[in-house]
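Give me a model of this one.
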Amino acid sequence: MTLKSLVLLPDPILRTESEPVERVDDDIQTLADDMLETMYDAPGIGLAAIQVGIPRRLLVVDCSKEDEERAPMVFINPNVVASSDERSVYEEGCLSIPDYYAEVERPAQVTVDYVDREGNQQQIEADGLLATCLQHEIDHLNGVLFIDYISKLKRDMVIRKFTKLAKSRGGTRL
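Alright, predicted model coming up:
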């Protein structure tokens with residue numbers, strides 16, 4: 001497994017809509033494993049392929065607590081097919097926007113269709129942190145960032161800060 005470089009705001013690839021994965025093969029399996037290693041190393045609880053510069057509809061999550069055994073999940077071509085009217089608010093962060101957190105309101109429960117790492121069509125009903133994490137990562141696949149849910153003033157401040165940081169370090173990859 002290989003650690004991947006994280007793409008950081010304001011890199012325009014983060015606003016790119018990811019392409020579907022055509023078939024689950026060894027390359028996709030390896031990418032999923034590399035993404036899990038990168039996510040754990042960061043550390044984070046979710047990572048979309050676009051965040052490592054690959055515009056494919058693939059994401060990984062693990063919402064287990066620190067004192068629990070790891071529970072990695074791989075979602076290929078995920079799609080939210082239903083969401084609750086009930087809402088929940090979580091303080092979200094993002095590996096592509098390090099050290100910035102904001103409260104985001106999203107549906108409390110979602111149903112997601114996806115293909116698993118063996119190539120089988122699956123469906124999951126998620127609530128709580130997993131529902132929020134899946135929505136956050138699926139947003140990435142659609143070129144949407146969690147800062148799009150906060151006020152324009154706060155969003156503009158975050159973008160300015162990260163643009164300035166990117167210029168000072170000569171790029172937008174970690």
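
Give me the distance between residue 51 and residue 86.
For residue 51, the distance to residue 86 equals 28 Å [C-beta to C-beta, to the nearest Å]. For the C-beta atoms, the positions are set from N, CA and C on the backbone; glycine is no exception.

Then residue 154?
Distance from residue 154 to residue 86, counting by C-beta to C-beta: 25 Å.

ok, now residue 39?
28 Å.

about what we covered before: more crowded one of residue 154 and residue 86?
It is residue 154, of residue 154 and residue 86, that has more neighbours when counted by other C-beta atoms under 10 Å, with 12 against 9.

mind listing what's buried in the helix or strand containing residue 40?
Take DSSP states H and E as the rule and residue 40 turns out to sit in helix 26-41. Neighbour counts over helix 26-41 (16 or more other C-beta atoms under 10 Å) mark 28, 31, 32, 33, 34, 35, 36, 37, 38, 39, 40 as buried.

buried residues in the host helix or strand of residue 114?
According to DSSP H and E, residue 114 maps onto strand 109-115. Applying a neighbour-count criterion of 16+ other C-beta under 10 Å, one finds 109, 110, 112, 114, 115 buried in strand 109-115.

cool, and stretch 11-26?
Residues of stretch 11-26 classed as buried by neighbour count (16+ other C-beta under 10 Å): 11, 13, 14, 18, 21, 24.

I'd like those as a markdown table, with pLDDT and secondary structure appended.
Output for these, formatted as a markdown table (pLDDT from 0 to 100; DSSP: H, G, I helix; E, B strand; the rest coil):
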| residue | pLDDT | secondary structure |
| --- | --- | --- |
| 11 | 96 | coil |
| 13 | 97 | helix |
| 14 | 98 | helix |
| 18 | 98 | coil |
| 21 | 98 | coil |
| 24 | 97 | coil |
